[in-house]
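Visitor: sequence first, predicted model second:
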Amino acid sequence: MSQLGTLYLYELKKILKRKMTWIAFAGVVLAMLFSCVEVLMNNYVLTDAQTGESVRYSAYERAMDRQARAEEFNGRMIDDTLLREMQAAYADVQLREQEREADISGASGSSVMMIQVPEEEAEAQSLARQRGRYEAIYNYVRGIAGNEDVHTVDSDAFYGKREQMIRDYEQTLRLTEGEKEYWRRQEARTPYAFYWDMGPSMALASFKMMLALTALMIGMILSGVFADEHMRKTDQLVLCGRYGRGTLYLAKLLAAMTLALLGTLLVGGITMLCFGVLYGYEKNWNADLQIYLEASPFALTMGEGILILTALLLLAAVLHSILALVLSCLTRNGVASMSLVMVYTLGTLFIHVPQRLRVLSQCLDLLPARAVCASAFYDARLVGGGGHYLTFWQAGMLLYPALSLALALLGALLYRRWQISGR
Amino acid sequence: MKRMDEQTVAREGHNGAGRDNVKLRIDNISKRYQNKTVVDRISLTLSTGVYGLLGANGAGKTTLMRMICGILRSSEGQITLAGQPVTSESYRSMLGYLPQDFGYYPDFTGREFLLYMAALKGLPKSRARHKSGELLELVGLAGQADKKIKTYSGGMKQRLGIAQALLNDPCLLVLDEPTAGLDPKERVRFRDLIARAGQGSIVLLSTHIVSDVEHIADSILMMREGRLIYQGKWEESRGDLEAFYLEQFGDGQQARAGKGTETGPERFVRKTADSMDAGEGKEGW
């Protein structure tokens, strides 16, 4: 073991000297940067309902405009007072469900805002300003209360509807009585405060992309660790070395995990920085998760949600790095092992298992590609029984290191049995 | 207790002390692939000296050497060096191996490659640096030590391979077709190097070129179809080794062993190399 440090540095050097490593790093960073700013490349055309005149906005201008208007409500409880204020501002508005007939081109939605225009110009402008102030609150409440009730709902009905959304989803997820009981025991954090959550919510939403890209990056840079030794026929030299079978495996493993973690931190850091610069985080870290994920049963803040997903992302990076190494050791072919990592990543992202197959569906949803994303906070299914339960992220924190260890041991076994023949 | 013995053996191996007593024991070793037997029940005990392993292509030389180096598991039998089993770390710490056909890390320099191999062999950093420099000088690569291996010629790569095999002053040096890719001048230099290494180690040198071993080998091992068909010292009174080799492999084998029996260009190479034994070949690589 005395040479572990030296061998580790050489293994890092071997990986970093491969062109593929730098291509993968650069490609993933660029793709992530693009995904951060891609939404800002859209343009919106806002048409005045009265005059029919159109004004063109960039997505960034629109986001900043909405943010400026919404920030005055940061930290205000969503209670009867706020709901009444919002409803008064929108008193002249009636929503009607229609076919997609966007009044705001480029925005998605299937409802059209019908505005009763007052006779007086000044009054019309005043009401329009009020609507603008409460737009974010209005949209949030509408998401839970629905188009019809948004104008009349009080806080009891609002939180009741949210509770009902959670219960309905519990049925869809086929929760057991024990699981339902677990969630009943969770402290209800109502009423909760409104925050303009653009920064944290964009950061939360980006985890799925981050996971997919880092998994592909890890597959690309690490699939050659053992395969290249075989392809280059250097394996017969290293295996004859005193530390060629045991310590070398550990050195390769540590080097692979280091680069996977560094790459993931780099991608994650750039993403967080990007959203921070664009939208700012400020106090919004403390916003309840429900501001972004209305029907999530988790009593967490946005900041806690981001920290949990970051921890899972890093653990997943370690798991994926070891998976890539084991596949490299097993196939002794860089292209084959890289392809297998891609098949695994894309496969787990896109395979759909019906909720009625509860065990299979839950197992699949615990895999990193499905658990390391914001929507996982809707998943109320628990792992365990007899009153001792773990949520998806608690299970992930235990499962990923356990799987990593099992894969590392499997890899060690495969490497110990590595034979040189048939050349 | 066992650990202590292993350390003692390894230490003795590095220091050169007690090497004369170190023995490589090969006991009834075989390698079978499904229905084909590649190495068939070979038993040997080798002590310090140079052993030339001769045989035509496909005779099982490389398979036997891989089993001796612990990189290919035998179907049956045991191999030990100074009592240590072939699978042990202490066995590998006494081993130097130059494979027949092997690769490098193209973006490493010659020096980096040797330092990496030295770390794998367990040499402390200061000793690794000193030994690498010494060996680069010995194989004539001191001037190119800091150039990337991908810029090296075939012969330079082969010399680097020889240097890595000697890094840990091995008790057992296994060289599989080591002169492949070397020009006549380099071959002669290489023979001298092997002869020197054989004074304190067990050197097992495989080739199908008779002239590579007839001058330097203390003993000859000859393989055919996985079996050892000759083992012992070659004395001039027995006649020409090459003629004996040809006789053993017969007409049918001769075609396969064509390169090895030095017909045509190989015969020329041998003569050129032999003529260098006397003079210019000793000047350097």
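Guide: Sure thing, it's come through.
Visitor: what segments of the stretch 51-200 of chain A are helices?
Guide: Ranges of helices in the stretch 51-200 of chain A, per DSSP state H, counting those that start in this stretch, are A:59-70, A:80-89, A:121-133, A:135-145, A:155-172, A:177-185, A:198-205.
Visitor: out of those, nearest to A:Leu390?
Guide: helix A:177-185 (10.1 Å; CB to CB). All C-beta spots, glycine's among them, are computed from the backbone N, C-alpha and C.
Visitor: so which bits of the helix or strand hosting B:Ile26 are buried?
Guide: Per DSSP states H and E, B:Ile26 falls inside strand B:24-33. With burial defined by 16 or more other CB atoms under 10 Å in any protein chain shown, the residues of strand B:24-33 counted as buried are B:24, B:26, B:29-31.
Visitor: quick revisit: format the helices of the stretch 51-200 of chain A as TSV; extra columns: mean neighbour count.
Guide: Below are the helices of the stretch 51-200 of chain A laid out as TSV (neighbours: other CB atoms under 10 Å in any protein chain shown):
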stretch	mean neighbour count
helix A:59-70	16
helix A:80-89	18
helix A:121-133	14
helix A:135-145	19
helix A:155-172	15
helix A:177-185	13
helix A:198-205	23
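Visitor: comparing those helices by mean pLDDT, which bottoms out?
Guide: Looking over the helices of the stretch 51-200 of chain A, mean pLDDT reaches its minimum on helix A:121-133, with a mean of 68.
Visitor: picking up where we left off before, any chance of the helices of the stretch 51-200 of chain A in CSV, plus distance to A:Gln290?
Guide: Listed next are the helices of the stretch 51-200 of chain A as CSV, based on distance: least, CB to CB, whole Å:
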stretch, distance to A:Gln290
helix A:59-70, 16
helix A:80-89, 15
helix A:121-133, 22
helix A:135-145, 9
helix A:155-172, 7
helix A:177-185, 14
helix A:198-205, 11
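Visitor: so for the next helix or strand after the strand holding B:Ile26, what's the average pLDDT?
Guide: As assigned by DSSP H and E, the chain's next helix or strand after strand B:24-33 is strand B:36-46. Averaged across strand B:36-46, the pLDDT comes to 93.
Visitor: name the helices or strands packed onto strand B:36-46?
Guide: Where contact means 3 or more CB pairs under 8 Å, 6 or more residues apart in numbering or on different chains; DSSP states H and E, strand B:36-46 is packed against strand B:24-33, helix B:61-68, strand B:76-81, strand B:227-232.
Visitor: residues from chain B in reach of chain A?
Guide: B:33, B:63, B:66, B:69-73, B:89, B:92-93, B:95-97, B:99, B:101-105, B:107-108, B:112, B:116-117, B:119-122, B:125, B:164, B:168 (CB under 8 Å from any CB of the partner chain).
Visitor: for the closest residue to chain B within the stretch 51-200 of chain A, what are its contacts?
Guide: Of all residues in the stretch 51-200 of chain A, A:Gly199 sits closest to chain B, at 42.0 Å by CB to the nearest CB. A:Gly199 makes contact with A:275-276, A:278-282, A:284 under the criterion CB atoms under 8 Å, 6 or more residues apart in numbering or on different chains.
Visitor: do a quick rundown of the strands in the stretch 1-150 of chain B.
Guide: Secondary structure of the stretch 1-150 of chain B, counting by DSSP state E, counting those that start in this stretch: strands at B:24-33, B:36-46, B:49-54, B:76-81, B:84-85, B:95-98.
Visitor: can you give the distance of the strand or helix carrying A:Asp365 from its chain's centre?
Guide: Assessed by DSSP H and E, A:Asp365 sits inside helix A:358-366. Relative to its parent chain, helix A:358-366 has a centroid offset of 18 Å by CA atoms, centre = their mean, to the nearest Å.
Visitor: which elements pack onto the strand holding B:Ile26?
Guide: Strand B:24-33 packs on strand B:36-46, helix B:61-68, strand B:76-81, going by 3+ CB pairs under 8 Å, 6+ apart.
Visitor: deepest of the ones you listed, which one?
Guide: The highest average neighbour count among those, using mean count of other CB atoms under 10 Å in any protein chain shown, belongs to helix B:61-68 at a mean of 25.
Visitor: distance check, the residue nearest to B:Glu242 when sequence neighbours are not counted against B:Asp240.
Guide: Spatial nearest neighbour of B:Glu242, excluding adjacent residues (CB to CB, 6 or more residues apart in numbering or on different chains): B:Val210 at 4.4 Å. Distance of B:Val210 to B:Asp240, given as CB to CB, to the nearest Å: 9 Å.
Visitor: picking up where we left off before, which helix or strand lies directly C-terminal to the helix holding A:Asp365?
Guide: Following helix A:358-366 toward the C-terminus (DSSP H and E): helix A:368-371.
Visitor: tell me the phi and psi of the closest residue to chain B within the stretch 301-423 of chain A?
Guide: Per CB to the nearest CB, A:Ile420 is where the stretch 301-423 of chain A lies closest to chain B, at 4.3 Å. Main-chain torsions, A:Ile420, degrees, to the nearest 10: phi -110, psi 110.
Visitor: contacting residues around the nearest residue to it once chain neighbours are set aside?
Guide: Sequence neighbours aside, B:Ile71 is the residue nearest to A:Ile420 in space, at 4.3 Å (criterion: CB to CB, 6+ apart). Residues in contact with B:Ile71 (CB under 8 Å, 6+ apart) are A:235-236, A:239-240, A:418-420.
Visitor: of these, which is the most crowded?
Guide: Using other CB atoms under 10 Å in any protein chain shown as the neighbour test, the contacts of B:Ile71 are led by A:Cys240, with 28 neighbours.
Visitor: hang on, that residue packs against B:Met94?
Guide: No. The pair A:Cys240 / B:Met94 is not scored as a contact, 10.8 Å apart, by CB atoms under 8 Å.
Visitor: so which bits of chain A are right by chain B?
Guide: A:2-3, A:6-7, A:10, A:13-14, A:17, A:231-246, A:248, A:417-421, A:423.
Visitor: do that again at 7 Å, thanks
Guide: For chain A, the contact set with chain B under CB under 7 Å from any CB of the partner chain comprises A:3, A:6-7, A:10, A:14, A:17, A:232-234, A:236-244, A:248, A:419-421, A:423.
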